[in-house]
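**Q** fold the following and give me the result.
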Amino acid sequence: MSSFRRLIASLLALLIIAAILPFVLPLGEGGKPLLELPRFSAPTLPEVDPRQWLEEQPDSEVTVYRWRDAEGNWHYGERPPEGVAYEERVLDTNTNLIQAPPSSRPEPAPAPSSPANPLERARGVEQTLQQAHDQRMRQLDGQ
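**A** Down below sits the predicted model:
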């Protein structure tokens, strides 16, 4: 087993020497090594004038249009669609448009008297998620 270890150590040493030689032997043009390590330096940042940010700022109000499609889904856009009833809304881009809903913990569901089958539990979860979605949509529409 020791001859195997010697063979591996010899091959490893040979590999290291072969990797270093192109950087130190003068085999290239003009007696330079074939390979050179690049000179490392810290990157420089571009010159920035902070006064450029103080110049003219864009309007803080944006007009958007809101409408419902045939399936009842709300859409928003920069231009109103043709032939569809829409609402025009002016939004201030410097404010938070959607206020966080009040923190309300849902009431815990009563513990089932007998274990429900997984399909019934899944339907209950789906119903709970749908109710939460409907509540959030009512809050968004009430802006």
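**Q** now do the helix or strand bottoming out on mean pLDDT in the chain: distance to the chain's middle.
**A** The helix or strand of the chain with the poorest confidence is helix 118-141; it has a mean of 83 (mean pLDDT, DSSP states H and E). Centroid displacement of helix 118-141 relative to its chain, using C-alpha atoms, centre = their mean, to the nearest Å, is 26 Å.
**Q** which other helices and strands contact it?
**A** The criterion is 3 or more C-beta pairs under 8 Å, 6 or more residues apart in numbering; DSSP states H and E, and there are no helices or strands that helix 118-141 contacts. Any C-beta I mention is one placed from the backbone N, CA and C, and that applies to glycine too.
**Q** could you pull out the strands in this protein for me?
**A** For the chain, the strands defined by DSSP state E occupy 61-68, 74-77, 86-92.
**Q** and the angle from the least confident helix or strand of the chain to strand 61-68?
**A** Angle between the axes of helix 118-141 and strand 61-68 is 140 degrees (criterion: axes from the mean of the first three to the mean of the last three C-alpha atoms, to 10 degrees).
**Q** give the residue spans of this protein that score low on pLDDT.
**A** Where the chain drops to pLDDT under 70, the residues are 1, 39-41, 51-59, 94, 96-100, 109-116, 143.
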